[in-house]
Structure formats: structure tokens, C-alpha cells
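Visitor: any chance you could fold what I've pasted below:
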Amino acid sequence: GSAGQLRGGKATVFEGGFRVPGIYRWPGKIPAGQVSSEPVSNMDVLPTFARLAGTNAPSDRTIDGHNIWPLLAGQAGAESPYKYFYYFSASMDGKPNIQAIREGKWKLHFKRVDDEKNQFEAVALYDLHEDVAERFDRAALNPTLVKELLKEAEKFTNDLQKNIRPLGKSE
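Guide: This is a model prediction of the structure:
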């Protein structure tokens, strides 16, 4: 149960609660010994496997995942399909409980300050390339980036609430 040098653990939005290895094996298709640090998600399995089967993921609903085959296949220059990567914690009220956003090397932790308007306030900004343990807050040094990431998180949450389906419902 140790996250090693990573801060936090399960039930947190720190890297220690989210980073897990994805291990894929397909001899002749996925290069052996390949390692990538690009952020991806288990949500990417459906669109990736659909693509490999020669079809597409369902189009009658919002699919959060992306096709990550270029990364798995080891294609030169392949990057994460995510411009922004969102970190959620459990929610008991059915609302999306987003608590952090990542863009490239930057990860912003925040808290909700207005439930009705989905407004957030920054808690800390981390440079995951220099500080994977999330120990050194860089928000004061990057106020413009903090504002941009908060705005993107608010926009994403508003869009998500428009399309959210209750758990266990297919409609």
C-alpha cells in the first residue's frame, strides 16, 4: 500500500492516489519494454479497442476516453490525447467532484467555492516534471496559468453537468 515518493494515496487527487501502471502486451504489435509517462486513463480502453476492432466507440453519448493506440504502438512523437486531464474524488450528491486539473507538466489543485456556479479557488499549483511528489506550490509564480486552469475547470464542470447521467442509468 505504499505510493513511494508520491504524495497521497487512494481517495486523494494527489499523484499517489492516481498513478498506476498500465501494462499492455501484444507481441508483434506493442513494442516490448516500452515505457511512457504520458497521462492516459482506463476510460481510454473502450475507444482504443473499438478502433482496433475496426469500428468506433458509441456516438449516442459522451465518451470521455480517447484512442491511445499511437502511444501503445510506440509511434514516434505520440503524446497523450488529453490537453487537460481532470482529477475527481468521490461524490455523494451526484455532482462531479472535480478537485484538480493538469495541463502538460502543470497540475492545479482547487476547491469549490460556489456550488451553483461551479466556481473554484486555487489551493496549489505543482510542476510534475520537477516535483512529482507535489511538495512545492508554484501558484504565486504563475498567476496567469492558475486563472486559465481555473477557468477551464469551471467550463469543463459546467459542460459535464449538462451531460451527466445518474449511475446505473444508460439513458
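Visitor: so what pairs up with the residue nearest the centre of the chain in the strands?
Guide: With distances taken as C-alpha atoms, centre = their mean, F85 lies nearest the centre of the chain, 3.2 Å away. Assessed by DSSP bridges, F85 has beta-bridge partners R102.
Visitor: and it, what does it touch?
Guide: The neighbourhood of F85, defined by C-beta atoms under 8 Å, 6 or more residues apart in numbering, consists of 39, 41, 101-103. All C-beta atoms are positioned from the backbone trio N, CA, C, and that covers glycine.
Visitor: of those residues, grab the buried ones for PyMOL.
Guide: Restricted to buried positions by 16 or more other C-beta atoms under 10 Å, the PyMOL selection for these reads:
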select buried, resi 39+41+101+102
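Visitor: roughly how far apart are G77 and K83?
Guide: Noted for G77: a distance of 16 Å to K83, by C-beta to C-beta, to the nearest Å.
Visitor: with neighbour numbers in mind, choose between these two.
Guide: K83 (9 against 5; other C-beta atoms under 10 Å).
Visitor: so that one makes contact with W106?
Guide: No: counting by C-beta atoms under 8 Å, K83 sits too far from W106 to count as a contact (11.9 Å).
Visitor: okay, strands next: where are they in this structure?
Guide: Listed in chain order, the strands of the chain (DSSP state E) span 85-88, 98-103, 106-114, 119-127.
Visitor: so what's the model's average confidence on the helix ranked longest in the chain?
Guide: Criterion DSSP state H: the longest helix present in the chain is helix 143-163. Averaged over helix 143-163, pLDDT sits at 91.
Visitor: can you list the neighbours in contact with that helix?
Guide: By C-beta under 8 Å, 6+ apart, the residues outside helix 143-163 that reach it are 62, 84, 86, 95-96, 98, 101, 103, 106, 108, 110, 117-122, 125, 139.
Visitor: how about that helix: buried residues?
Guide: Under 16+ other C-beta under 10 Å, the buried positions of helix 143-163 are 146, 149-150, 152-154, 156-157, 160.
Visitor: and the angle from that helix to strand 98-103?
Guide: The directions of helix 143-163 and strand 98-103 differ by 120 degrees, with axes from the mean of the first three to the mean of the last three C-alpha atoms, to 10 degrees as the criterion.
Visitor: filter the contacts of helix 143-163 to the buried ones?
Guide: For the contacts of helix 143-163, a burial check counting by 16+ other C-beta under 10 Å picks out 86, 96, 98, 101, 106, 108, 110, 118, 120, 122, 125, 139.
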